[in-house]
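*Asks:* 3D, please:
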Amino acid sequence: MGAWQPLPEELPTEVRHFVEQVRLLKDSTGLSLVALGARTAYSKSSWQRYLNATQPPPRQAVASLCRVAGLPDAEAERFGVRWELAVRVWPREPAPLRLPVGGPVPGGGDGTHDGRDRHDGRDGYDGHGGVRQGVDDRAGASGYEEDPTLPWWDLLDEEPPPGPRTGRLLLYAALLVLALLLAAVAGAVTLG
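*Replies:* Sure thing, here's the model as predicted:
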């Protein structure tokens, strides 16, 4: 706890302040990253990326940390505001080219290799064995998008949307009770 990597100098002020506050909050819990990962829906390696400012955390990760730290709602809301400010200015690196599994092979587009290496940049490779930065991936290089991954225990508080499913569930329950009553009567008559 407390022995954090120094944050990159080029980080915007909002991001630096947010990450420092999240680090302090994590340290106040007294938990290791492994223990924090066990109490939230985010792994140790995810928390390392978030706390070293290499990747912005999802809003739900921040909310989970606030809940684990036992913050009052008002303070947790302040962390949500800090998160919003930081994510708006978080540095976005161009996404590397992602080849689909079983997709094109670097030597030739159809999986064959013609013996000539083409490293003019059109193939997404930099000519040094790496992927050229700045090439749009098939999912799009729009930057960070929040993926609200909710742990299952957060979903328990939500009310299911009203609709035909509730009526159907009641119908099934009534049919089950009726079947159990018929089985009980039939058992009593047979044994009885």
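
*Asks:* can you give me the helices for the chain?
*Replies:* 13-29, 33-39, 44-51, 59-69, 73-89, 152-155, 164-191 (DSSP state H).

*Asks:* quick one: average pLDDT of the shortest one?
*Replies:* If I follow you right, that is helix 152-155. On average, the pLDDT along helix 152-155 is 58.

*Asks:* rank the helices of the chain by pLDDT, which is bottom?
*Replies:* helix 152-155 (a mean of 58).

*Asks:* re the thing from before, would CSV of the helices of the chain with mean neighbour count be doable?
*Replies:* C-betas here are computed from N, CA, C, even on glycine. Shown next, in CSV, are those (neighbours: other C-beta atoms under 10 Å):
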stretch, mean neighbour count
helix 13-29, 17
helix 33-39, 15
helix 44-51, 17
helix 59-69, 20
helix 73-89, 15
helix 152-155, 10
helix 164-191, 10
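
*Asks:* Among those, which comes closest to A3?
*Replies:* With C-beta to C-beta as the measure, helix 13-29 is the member of the helices of the chain nearest A3 (10.0 Å).

*Asks:* So which elements touch that closest one?
*Replies:* helix 44-51, helix 59-69, helix 73-89 (3 or more C-beta pairs under 8 Å, 6 or more residues apart in numbering; DSSP states H and E).

*Asks:* Need the CA coordinates for the second one. PDB is fine.
*Replies:* If I follow you right, that is helix 59-69. The C-alpha trace of helix 59-69 is given here as PDB (Å, rounded to 0.1, in the frame of the first residue of the first chain):
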ATOM      1  CA  ARG A  59     -17.700   4.200 -13.600                       C
ATOM      2  CA  GLN A  60     -19.000   1.100 -11.900                       C
ATOM      3  CA  ALA A  61     -15.500   0.200 -10.800                       C
ATOM      4  CA  VAL A  62     -15.200   3.500  -9.000                       C
ATOM      5  CA  ALA A  63     -18.700   3.000  -7.500                       C
ATOM      6  CA  SER A  64     -17.600  -0.500  -6.300                       C
ATOM      7  CA  LEU A  65     -14.500   0.900  -4.700                       C
ATOM      8  CA  CYS A  66     -16.600   3.600  -2.900                       C
ATOM      9  CA  ARG A  67     -18.900   0.900  -1.600                       C
ATOM     10  CA  VAL A  68     -16.100  -1.300  -0.400                       C
ATOM     11  CA  ALA A  69     -14.500   1.800   1.300                       C
END
